[in-house]
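Chemist: Provide a 3D model corresponding to the input given below.
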Amino acid sequence: MNLGFWRPRNRRVSAGAPAAHRAPGHWGQRARTVLPGRQVLLGAGLVAGIGAAVLAALWLLDAPIRTVSIAGRFVRVEPVDVERAVRQCLHGAGLVSVDLDAVRAAVRSLPWVDSVQVQRSWPRGLALIIGEQQPAARWSGGGLLNVRGEAFAAGAHMPEELPALAGPDGSQQQVVQRYLAMRGRLLDAGLRLTALRLDARGAWEFDLDDGVTVRLGRRQIEQRFDTFMGTAAKIVVQRAADIAYVDMRYVSGFAIGWRGAAGAGRGTGEARNV
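Modeler: Prediction:
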């Protein structure tokens with residue numbers, strides 16, 4: 001008996017290999033071999049195509065910046081100055097290529113600017129959030145200090161109502177911290193602090209708005225200030241017009257210098273402990 005095989009029409013079976021070695025169901029299919037070099041070319045072409053698509057998308061998104069929005073609670077910062085500083089940083093850059101760090105630094109350098117946040121605002125804008133400096137006092141030499149004891153540029157705005165602080169170079173934070181600690185307690189007692197000084201020897205003294213100077217010296221500053229608040233402050237409130245100074249540099253008690261008097265009238269205490 002002769003066995004015959006059914007072969008699909010118009011397909012040729014390769015005679016190079018016996019039928020027993022051909023996989024069932026794959027009559028007439030030829031195996032394709034992709035060379036390694038061709039695989040590398042195909043991969044490189046795919047990467048290049050993706051890169052070109054990304055560059056094209058960035059080019060389309062890198063539109064010229066048309067608007068700058070400014071937000072924040074500030075009084076002395078001028079929006080016109082902010083816009084001018086931003087414009088100087090663009091140099092033809094678009095929304096994608098603009099250097100946000102450069103914009104932030106340029107705006108941060110303006111007078112009264114404390115903090116700056118910069119974000120892209122699609123499709124053609126920048127959004128800025130600005131924090132204004134909170135001044136604590138005037139510093140000797142004409143500058144201003146914020147509540148952290150940092151000096152900052154005030155420009156044309158110099159609030160004369162701020163207290164005047166002074167001290168050696170590098171003592172700004174120390175002086176501001178002591179001023180902030182004293183101010184509230186003095187206000188509660190009906191007294192307003194207008195000046196605070198730290199000299200090169202480390203001695204402290206402060207002035208009140210009624211013209212009275214209080215000398216604390218170099219030692220036991222907190223204890224002496226507590227003594228002033230507990231006793232001498234009441235006398236100052238009652239007779240400020242008659243008092244030139246209050247000297248707290250005594251082992252116990254204090255001394256009062258009366259206006260127009262020949263000498264200092266002492267309150268209590270004998271030995272001075274500067």
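Chemist: Secondary structure of Val86: a helix, I assume?
Modeler: Yes - assessed by DSSP: H, G, I helix; E, B strand; the rest coil, Val86 belongs to a helix.
Chemist: which residues sit in contact with it?
Modeler: Going by Cβ atoms under 8 Å, 6 or more residues apart in numbering, Val86 touches 68, 103, 106-107, 126, 128. Heads up, the C-betas are built off the backbone N, CA and C, glycines and all.
Chemist: so how far is Glu132 from it?
Modeler: Separation of Val86 from Glu132 (Cβ to Cβ, to the nearest Å): 17 Å.
Chemist: And Gly149, by the same measure?
Modeler: 17 Å.
Chemist: Neighbour count: these two, which is higher?
Modeler: Ranked by neighbour count (other Cβ atoms under 10 Å), Gly149 and Glu132 place Gly149 first, with 19 against 16.
Chemist: isn't the more buried one right up against Arg178?
Modeler: No - using Cβ atoms under 8 Å, Gly149 makes no contact with Arg178, being 10.1 Å away.
Chemist: Give me the residues contacting stretch 107-121.
Modeler: Residues contacting stretch 107-121 (Cβ under 8 Å, 6+ apart): 67, 69, 74, 76-78, 81-82, 85-86, 95-96, 98, 100, 103-104, 126-134, 146, 152-157.
Chemist: no no, stretch 237-248
Modeler: Contacts with stretch 237-248, where a contact means Cβ under 8 Å, 6+ apart, come from 189-191, 208, 210-217, 224-225, 227-228, 232, 235-236, 254-259, 264, 272.
Chemist: Need the pLDDT of the most centrally placed residue in the chain.
Modeler: With distances taken as Cα atoms, centre = their mean, Ser115 lies nearest the centre of the chain, 4.4 Å away. For Ser115, the model assigns a pLDDT of 95.
Chemist: Mind exporting the C-alpha coordinates of stretch 187-204 to CSV?
Modeler: Extracted C-alpha coordinates of stretch 187-204, given in CSV (Å, rounded to 0.1, in the frame of the first residue of the first chain):
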residue,chain,number,x,y,z
LEU,A,187,5.1,96.6,76.5
ASP,A,188,3.1,94.6,79.0
ALA,A,189,4.5,97.0,81.7
GLY,A,190,3.6,100.1,79.7
LEU,A,191,7.1,100.8,78.4
ARG,A,192,8.4,100.8,74.8
LEU,A,193,11.9,99.8,73.9
THR,A,194,13.5,102.2,71.4
ALA,A,195,17.2,101.2,71.5
LEU,A,196,19.4,98.3,72.6
ARG,A,197,23.2,98.3,72.7
LEU,A,198,25.9,95.8,73.3
ASP,A,199,29.4,97.3,73.6
ALA,A,200,32.8,95.7,72.8
ARG,A,201,33.2,94.7,76.5
GLY,A,202,30.0,92.7,76.5
ALA,A,203,27.9,95.2,78.5
TRP,A,204,24.2,95.8,77.7
